[in-house]
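Undergrad: fold the stuff below for me.
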Amino acid sequence: MRNLKAPLAAAAVAALVLAGCGTTNDRTSDKPQAGASKQCKGADGKYVIGMSQANVAEPYRQRMDDDIKAAAKDVPQFDVKFADAAQDNAKQVADVENYLTQQIDLLIISPNEAKPLTAVVKKAYDKGIPVLVLDRKVEGDAYTGFIGGDNVEIGTEAGKYVAEKLLPQGGNLVELKGLAGATPQAERHQGFVDAIKANPKIKIVADASGDWLREKGQAQMDALLKANPKIDLVYAHNDPMAEGAYLAAKAVHREKEMKFIGIDALPIPSGGIKAVEEGRLSATFTYPTNGKEAIAAAKKILVDCGTIEKTQTLKTRLIDKDNAASIYAEENPTG
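TA: Just a heads-up that it's a prediction; the model follows:
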């Protein structure tokens, strides 16, 4: 037995060295690693990336796709394909399955909802395809890396701002939620309601789901206005719904009775920063699109043969009337 120990030890060391070089499957234990990919061919390789988007009806998601395209132009090895699920879980599953048939080298996905997309994301990951999950999570940890904002923190910051600055004396507010089943919806709600507990004079009198869309937010707010004669503030889970709520209130000449806040703060003419600058929203909170970060992570995995963190959390910041104009100019230096 003593004579067998040396060869066995040498074999074990060799296996560890190979794993460290990324030449074996990263999943060497029950816990998946966020590691180098067997698809990595270095700078001389060519790589097809599939981007599966939950929908492009939201300006935020279109901007995410645009940021991915812009960042990918600087990586000549990349060919990025895009698919729009149009808020349809079944279509998004089919989109990913199609990418797997095409034998893509890496999958980027922003899931419409967590649970329905979990299995197909795991399927891709188990095939050895690196998977980057953006913005909205899936269940479990069968993916290479998650990149997104801390939605609990964003909701918390929004709640603190309402409790301390916008409604210090208390008041009635309504909440326009995002799509049920999407993790940011639950997290932005939880962070917010926990934060406003610091001001017991604030009461959430009603809520509704606007599914992240301006038109649905406007329709839901129209109904909320009819049912609630006193509303002091609208907390919307994104800027398009906040703008929709503002339009509904304006249509019945009640927009001056209340304040409106949202989340996303896109630096575009129709985005939240301009809405704050122009006085329709009292505040918004930045929610990075994760596009350039996703391409940087893909490059590290596929071109550099490196590893990435399992979770990359991007910070938020408050945009209000005091800084909206300067931040918009900072984000758009050419005008």
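
Undergrad: who are the contact partners of residue 237?
TA: Counting by CB atoms under 8 Å, 6 or more residues apart in numbering, residue 237 touches 175, 176, 177, 178, 184, 185, 188, 189, 210, 212, 262, 263. Quick note: C-beta positions are derived from backbone N, CA and C, even for glycine.

Undergrad: same thing but at 10 Å, please
TA: 151, 154-155, 158, 175-179, 182, 184-185, 187-189, 192, 209-212, 217, 262-264 (CB atoms under 10 Å, 6 or more residues apart in numbering).

Undergrad: same check, this time on residue 129
TA: Shown here is residue 129, whose contacts under the criterion CB under 10 Å, 6+ apart are 37-39, 50, 96, 99-100, 103-107, 121, 123, 144.

Undergrad: what's the burial count for residue 232?
TA: Here the count is done by other CB atoms under 10 Å, and residue 232 has 19 residues near it.

Undergrad: first-to-last residue distance for stretch 307-317?
TA: 28 Å (CA to CA, to the nearest Å).

Undergrad: just how off-centre is it within its chain?
TA: Distance, stretch centre to chain centre, for stretch 307-317: 11 Å (CA atoms, centre = their mean, to the nearest Å).

Undergrad: pull out the buried residues from it.
TA: For stretch 307-317, burial by neighbour count (16 or more other CB atoms under 10 Å) applies to 307, 308, 312, 316.

Undergrad: wasn't the first one part of a strand?
TA: The one in question is residue 307. No: Residue 307 is assigned coil when assessed by DSSP: H, G, I helix; E, B strand; the rest coil, not a strand.

Undergrad: the stretch 1-150 of the chain: strands as residue ranges?
TA: Assigned by DSSP state E, counting those that start in this stretch, the strands in the stretch 1-150 of the chain fall at 47-53, 78-84, 106-110, 131-134, 145-149.

Undergrad: oh, that last question was meant for the stretch 151-300 of the chain, not what I typed.
TA: Here the stretch 151-300 of the chain has its strands, by DSSP E, counting those that start in this stretch, at 171-177, 202-209, 233-236, 259-261, 283-285.

Undergrad: export these as TSV, with columns for mean pLDDT and distance to residue 320.
TA: Output for the strands of the stretch 151-300 of the chain, formatted as TSV (pLDDT from 0 to 100; distance: least, CB to CB, whole Å):
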stretch	mean pLDDT	distance to residue 320
strand 171-177	98	17
strand 202-209	98	18
strand 233-236	98	14
strand 259-261	98	9
strand 283-285	98	5
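
Undergrad: for stretch 55-70, buried residues please.
TA: Buried-residue list, stretch 55-70, by 16+ other CB under 10 Å: 55-65, 67-68.

Undergrad: just the closest of those to residue 76, please.
TA: Distance ranking of the buried residues of stretch 55-70 against residue 76, using CB to CB, places residue 68 first at 15.3 Å.

Undergrad: surely the closest one touches residue 50?
TA: No: taking contacts as CB atoms under 10 Å, residue 68 lies outside contact range of residue 50: 11.3 Å.

Undergrad: for the strands of the stretch 151-300 of the chain, give me TSV that also has distance to residue 115.
TA: Below are the strands of the stretch 151-300 of the chain laid out as TSV (distance: least, CB to CB, whole Å):
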stretch	distance to residue 115
strand 171-177	17
strand 202-209	17
strand 233-236	24
strand 259-261	29
strand 283-285	26
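
Undergrad: just the ones of the contacts of residue 129 in helices?
TA: Assignment to helices by DSSP state H places the following of those there: 96, 99, 100, 121, 123.

Undergrad: for the last one, which non-adjacent residue is spatially closest?
TA: Pointing back at residue 123 there. In space, and not counting its chain neighbours, residue 123 is closest to residue 100: 7.1 Å by CB to CB, 6 or more residues apart in numbering.

Undergrad: from residue 41, how far off is that neighbour?
TA: Per CB to CB, to the nearest Å, residue 100 is found 19 Å from residue 41.

Undergrad: swap in residue 183?
TA: Residue 183 is 34 Å from residue 41, where distance means CB to CB.

Undergrad: of the two, who's got more company?
TA: residue 183 (19 against 15).

Undergrad: is that one in contact with residue 150, as I believe?
TA: No: using CB under 10 Å, residue 183 is not in contact with residue 150; the gap is 11.3 Å.

Undergrad: farthest pair in the contacts of residue 129?
TA: Top of the distance list for the contacts of residue 129 (CB to CB): 38 and 96, 19.4 Å.

Undergrad: put together CSV for the strands of the stretch 151-300 of the chain, with distance to residue 295 and mean neighbour count on each row.
TA: Formatted as CSV, the strands of the stretch 151-300 of the chain follow (distance: least, CB to CB, whole Å; neighbours: other CB atoms under 10 Å):
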stretch, distance to residue 295, mean neighbour count
strand 171-177, 31, 23
strand 202-209, 32, 16
strand 233-236, 30, 28
strand 259-261, 31, 25
strand 283-285, 24, 27
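
Undergrad: more crowded one of residue 38 and residue 96?
TA: residue 96 (26 against 16).

Undergrad: state the distance from the residue nearest to residue 96 when sequence neighbours are not counted to residue 107.
TA: Spatial nearest neighbour of residue 96, excluding adjacent residues (CB to CB, 6+ apart): residue 120 at 4.6 Å. The spacing between residue 120 and residue 107, counted by CB to CB, is 9 Å.
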